Every structure is written in C-alpha cells, then in structure tokens.
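> No letters, just coordinates:
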C-alpha cells in the first residue's frame, strides 16, 4: 500500500491533522522570498467567511473532516499506534455530522429567505406583504439560531480536529523507540589505544573550553560558556554546515528567535501546554523558538506559489531555546541536553509528488556531512510512537559517543506532508500545459490550489556535534584533534592542545 500522504491525489483533499493547541492570532500579509512576492488577499477573504474559526484555537485548520468520517477506523488505529490519547476520532465524526446537518439546514433556510425576498418584489396586496414580512422575520430568527449553533459546533470541531496527529507512512514500525529500524550504519566504534576514555565534560573542563560553572551561576543549570577553541569550533561547524547545504541549493537565512504563539502552533508545537518545551514571553504573544523550522515555515505562511517554483529549499542558522522539561538524568549530561544552543536547519516546501524523494535527499545530505567528519553513526527509521504530531515519517541519526558510552541523536529529518501547510495556509497552483488550458471569455481558467508538503532536517545541532567530536577525537594526553574538514574554518588550529600545554 502506498503512502496516503505522498500520493494525496487519492483523496480530495488529503487528510492532514493537528493536535489540539491554543493560539492567539493568525498573521496575514505579503511575504517575500528572493524576488518572489506572495499575496494573501484571497486567503484572508476566505477566512473571514467563517469567523467562528478564529475562536477555535485562533486559526482555521483546513482539515478534511469528510476523510476522517469515512475512514474513522484508520484514524483510530493511527492514534493508537502513535500513543495519542488526547484525540477522540469518534467525537470528531459526531461533531462533523452535526456540523453538516446544521449547514444543510442553514442553506435551506437561506434559500427560503431568498424566495421570500423575491416574492416581496412583486405587486402585492397589503395583507400579502405583511404576511411575507412576518415570514421573513421568522426565517431570520431561525437562521440566527442555526448560525449560533454552527458557531459552537464549528469551534468544537476545530478544537477536537486539531488533536488528531498526521497519518503515518505504511513502512514505519509500530511501537516505541525500541522498535526503531536501522537503515544504515556508517563507520565503526573507535578502538582506543588507551584506557582512560573521557566524556566531553571532563575533557572540555580540563582544557578550559567548556565552562558550566559560570553558565550555571549566570543563567542557571543546563547553560554553559564555550571558550577559546570550543567557541571557534561552534563557528566552524556552523560555517561548514551552511557551506555544504548552500552548495546543495539551499537559500541561507538568519531568522527571528522570537515568533508568535500562533506560528508555533501551526507548525505543530505546544507553547503553553503541560510539559511544554517552549519558553513563552510573559504578557506577550511571543515565544522563543526551539528550532529555526518555525520561522522558516512561518515565512511562507498564507502564500500561494506556482508549481514551477517548487521545491523551495531554505536553511537558517538560529539560536534554539528549550525548557527540557522532564529531561533530568545522566542521559542529558553536559552539552547533550541544554536550554540554549545553535543549530543550522534545512526546510523544504514542495509538491506532494516531490516530498518522498526530498526526504531521502535531506537524509543523504546529513549522512554525507557526518561521514566526511569521520563520525560513526546509525540512520534510524523512527517508529510510530516516537513521531511528533506533524511527522508522517522521521529519520534520526545517532552518533557513537564513547565517553557517554552510548549512541546519541545528532540529527533528524522529517516529512510532514501537508500537515503544517494546512495550518500555515501554504498552497501552490499546479501547472497546466498550454494545450489543455480552457478559456472562458478570453481568460484562462484558474486551476484550483493545493496544499504543499513541508520537510525539515537538522544540518548541524552544535552542542551534540561538539559532544561527538570531543569524545571521538580525544587523545591520550587529553588533547582533541579537529576533524580535517573543519580546519579551514578554525583559523589554522588543528588541535585543542592538552591541558599541560594549553595557555591559561
């Protein structure tokens, strides 16, 4: 069976769903990428037809509720496979059926009102006119009552619909993290010629390049200072990664680190829920981003692109902020899990037909970089229970970290199909060949727009890369070799010298 999301033309429109989140407001406007200008007037006009959607979490998600109703068994199983307990597909179906019934009833009353209004245009006796006026008043009151009910039902429908996660690729294993499938293994664990293999914390503190003490006293736990060669190593990693992906056709960006709550929610993140990973600004609709994926997705919000423009590939260097709620323990030691870090993120907007191949391309870019840097790692196809709400399929890369004595995630690549685009309202207009275009009154007939697919992938999460480099390239004397591909960005430095020979 093929993917429901990679081939969305099977359904009209395809299903993409979002967990129930709260939001403040949607942004409409004009967005410029390179020299392309995307206008949103038509989208805004469409949105204002249904004001109740604004109260259902602050924005309207373009969910295919008919698909949910017609495939409720599939939706139930998908929620179960992904361990999503907050969603209730049966309640969504009940609300949708009620919504359809009320909509049909409202349409019938509107038709009766129109007929009544037309009748009043004829020449009438006074008694006949008064009767029609009374009927019109009754119909108006009836319609107001139905509209009020529709307002409540539609709000509830949006709220419940947004709790449903994306569908899942049929090749994804069902279960928790332990069910991850190893797709590829690159390199092998280093055989050290000495016994005292240290973790990155011991190495970095002895070298005077990792400073957790001042990070803690200035900002709190899970904050740090990078000093001397470690500071240069962060810049080297960022520049190395950006050069690699720029060569692959990605447009570089520097994005805002603060975004509106509504943008976070449309991308599938939960700003203010229990256990959130997001830092929110008090008395504000702004939040600190946990990944540049969010402002990269937001830049396309309320856009209509032409098919000829796709795929669009962008990449950003950004600072990431995460609360890491519930992340205490040795698994998060040192730089592995911190509140603030730098990351280079890739983001792609494409047609549904392009997304599966582009997902593979993103993973290949990551693999090529990490292999060139000399790391040993595994590529994993993550199981259903490890997928976030937006992801249809996700590949993780876990590198061997000998000091921590385990593999640790250094990168991921996700295909979100049209989950995010149905919330961010990103569409494209399919190309129609000249010989198949129809004309009406010398004007080309517009082809209906479709929702794009979005993908994201980590090119370089700096702290995790420093962990892997420190622990894999450490020497017996406590020095650390710099991987050769990074040396051109390190101002001629090829080694972080051993403590005894390093300058204070």
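The structure has been received and is ready for your questions. As the structure is a prediction and not an experimental result, all values here were calculated from the model. Numbers count the residues shown, from 1 in each chain.
> what's the neighbour count on the closest residue to residue 368 other than its chain neighbours?
Once flanking residues are discounted, residue 368 sits nearest to residue 244: 7.7 Å by CB to CB, 6 or more residues apart in numbering. (Each C-beta comes from the backbone N, C-alpha and C, glycine too.) As a burial measure, residue 244 scores 20 neighbours (other CB atoms under 10 Å).
> now residue 448
Around residue 448 there are 9 residues (other CB under 10 Å).
> on that earlier part again, so for the helix or strand hosting the residue nearest to residue 368, mean pLDDT?
For residue 244, the enclosing helix or strand under DSSP states H and E is helix 228-247. The pLDDT scores in helix 228-247 average 98.
> is it true that the residue nearest to residue 368 touches residue 459?
Yes - Residue 244 lies in contact with residue 459 (CB atoms under 8 Å); the separation is 7.2 Å.
> Quickly list what's touching both of these two.
Listed as contacting both residue 244 and residue 459 by CB atoms under 8 Å, 6 or more residues apart in numbering are 365, 369.
> Which is the succeeding secondary structure element to the longest helix along the chain?
The longest helix of the chain (DSSP state H) is helix 126-161. Downstream of helix 126-161, the next assigned helix or strand under DSSP H and E is strand 181-186.
> That next one: how far from the chain's middle?
Chain-centre distance of strand 181-186: 24 Å, with CA atoms, centre = their mean, to the nearest Å.
> do the same with stretch 140-156
34 Å.
> try stretch 455-467
16 Å.
> Might you report the residue contacts of the residue nearest to residue 368?
Neighbouring residues of residue 244 by CB under 8 Å, 6+ apart: 365, 368, 369, 459.
> of all the residues you listed, which two lie farthest apart?
Largest separation among the contacts of residue 244 by CB to CB: 368 and 459, giving 10.8 Å.
> For stretch 449-459, list every residue counted as buried.
Within stretch 449-459, the residues scored as buried using 16 or more other CB atoms under 10 Å are 450, 451, 452, 453, 454, 455, 456, 457, 458, 459.
> these two touch, right, residue 396 and residue 380?
Yes - contact criterion CB under 8 Å: residue 396 and residue 380 qualify, at 4.6 Å.
> any common contacting residues for the two?
Common contact partners of residue 396 and residue 380 (CB under 8 Å, 6+ apart): residue 180.
> thinking again about what came up before, list the buried residues in the longest helix of the chain.
Buried residues in helix 126-161 (16+ other CB under 10 Å): 132, 135-136, 139, 142-143, 146, 150-151, 153-161.
> How about stretch 480-488?
In stretch 480-488, counting by 16+ other CB under 10 Å, buried: 480, 482, 483, 486, 487.
> how close does the second one get to residue 180?
Distance of residue 482 to residue 180, given as CB to CB, to the nearest Å: 31 Å.
> cool, the first one as well?
With the distance defined as CB to CB, residue 480 ends up 30 Å from residue 180.
> ditto for the fourth one
Relative to residue 180, residue 486 is positioned 29 Å away (CB to CB).
> do the same with residue 95
Taking CB to CB, one finds residue 95 at 36 Å from residue 180.
> likewise residue 66?
Here the criterion is CB to CB. By it, residue 66 lies 34 Å from residue 180.
> more neighbours, the two?
Between residue 66 and residue 180, residue 180 has the larger neighbour count (other CB under 10 Å), namely 21 against 14.
> My read is that that one contacts residue 385, right?
No - Residue 180 is beyond contact range of residue 385, at 9.9 Å (criterion: CB under 8 Å).
> Quick one: neighbours of residue 490, just the number.
20.
> which ones are touching residue 81?
Taking CB under 8 Å, 6+ apart as the test, what residue 81 contacts is 168, 174, 384, 385.
> do residue 188 as well
Each residue near residue 188 by CB under 8 Å, 6+ apart is listed here: residue 376.
> Could you list the low-confidence segments of the stretch 351-500 of the chain?
433-444 (pLDDT under 70).
> Which stretches in it count as strands?
377-381, 393-401, 406-415, 426-429, 439-440, 443-444, 450-451, 453-461, 480-481, 495-496 (DSSP state E, counting those that start in this stretch).
> Sheet-wise, list the partners of the second one with their directions.
So the one you mean is strand 393-401. Each strand that pairs with strand 393-401, with its direction, by DSSP bridges: strand 377-381 (antiparallel), strand 406-415 (antiparallel).
> So for residue 192, which of those sits nearest?
Ranked by CB to CB, the member of these that lies closest to residue 192 is strand 406-415, at 15.8 Å.
> Which residues does that closest one contact?
With contact meaning CB under 8 Å, 6+ apart, strand 406-415 is reached by 5, 169, 336, 355-356, 358-359, 362-363, 366, 370, 375, 377-378, 382, 388, 390-401, 453, 455-461, 464-465, 467-468.
> Over to stretch 68-77?
For stretch 68-77, using CB under 8 Å, 6+ apart, the contacting residues are 15, 17, 89, 90, 92, 93, 96, 97, 161, 164, 167.
> Output those in a markdown table; the columns should cover distance to residue 234 and secondary structure.
Formatted as a markdown table, the contacts of stretch 68-77 follow (distance: CB to CB, whole Å; DSSP: H, G, I helix; E, B strand; the rest coil):
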| residue | distance to residue 234 | secondary structure |
| --- | --- | --- |
| 15 | 41 | coil |
| 17 | 38 | coil |
| 89 | 45 | helix |
| 90 | 50 | helix |
| 92 | 45 | helix |
| 93 | 50 | helix |
| 96 | 50 | helix |
| 97 | 55 | helix |
| 161 | 42 | helix |
| 164 | 39 | coil |
| 167 | 38 | coil |
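> what two of those are the furthest from one another?
97 and 167 (21.4 Å).
> Comparing these two, which residue is more hemmed in?
Neighbour tally, residue 97 and residue 167, criterion other CB under 10 Å: the higher count belongs to residue 167, 22 against 13.
> returning to that earlier point: neighbour-wise, give me the winner out of the contacts of residue 244.
Result: residue 459 is most packed of the contacts of residue 244 (other CB under 10 Å), 26 neighbours.
> Thanks again, I'm all set now.
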